[in-house]
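Colleague: got a structure for you, letters missing:
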């Protein structure tokens, strides 16, 4: 499996998680159903999924080259690195996706939120000495960003496959079941 294949798998998982969160926690029916079982459990699940969405989006789409560790520099599996590694496959059509992605990324402040609130436990933020940054995520814009990223990566992957004379791709063509996972979950809860 190529690094780009793993990236697409991760994007598919993230897109499904966004749909699930939206279907369960962004409508009254879903909130009421899951809260009826246990309000505390519903809050824990909501926060976990929320944090996974923020962390995964930051990691895949917003992070750059890598980070330094005691073992040396570690490369991120990020859109930035993949675009750099496969830049010879980016044609004007794929460049349009990059332009759209850059514009959509400006609408969010995911990295500050991730760094100060979730990942690094910033004391002034947590204790309220400074205001908590807002990530500015809304479902529609986030899904547009992730879909554009997936289109870019899948387009690059197709070109790599043609150059390598591959006859199949280990990644899907986008027909992953995304919508309805949360609604099915809510329906099943209501039957309990």
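Modeller: Happy to help now that I have it. For clarity, every value in this text was computed on a predicted model and none was experimentally measured. Numbers count the residues shown, from 1 in each chain.

Colleague: mind listing the helices for this protein?
Modeller: For the chain, applying DSSP state H gives helices covering 3-25, 28-37, 39-57, 79-85, 92-105, 110-113, 123-126, 139-163, 181-191.

Colleague: nearest to residue 66, out of those helices?
Modeller: Counting by Cβ to Cβ, residue 66 lies closest to helix 79-85 out of the helices of the chain; the figure is 7.5 Å. To be clear about C-beta, it is placed using only N, CA and C from the backbone, and glycine gets the same treatment.

Colleague: return the list of helices and strands in contact with that closest one.
Modeller: Here helix 79-85 touches helix 3-25, helix 139-163, going by 3 or more Cβ pairs under 8 Å, 6 or more residues apart in numbering; DSSP states H and E.

Colleague: may I see the ones you listed arranged in CSV, with mean pLDDT as well?
Modeller: As requested, these are exported to CSV (pLDDT from 0 to 100):
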stretch, mean pLDDT
helix 3-25, 93
helix 139-163, 94
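
Colleague: any chance of those helices in JSON lines with distance to residue 118 as columns?
Modeller: Formatted as JSON lines, the helices and strands packed on helix 79-85 follow (distance: least, Cβ to Cβ, whole Å):
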{"stretch": "helix 3-25", "distance to residue 118": "15"}
{"stretch": "helix 139-163", "distance to residue 118": "16"}
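
Colleague: residue 181 is nearest to which of the ones you listed?
Modeller: helix 3-25 (5.0 Å).

Colleague: in that closest one, which residues are buried?
Modeller: For helix 3-25, the neighbour count (16 or more other Cβ atoms under 10 Å) marks 4, 7-8, 11-12, 14-25 as buried.
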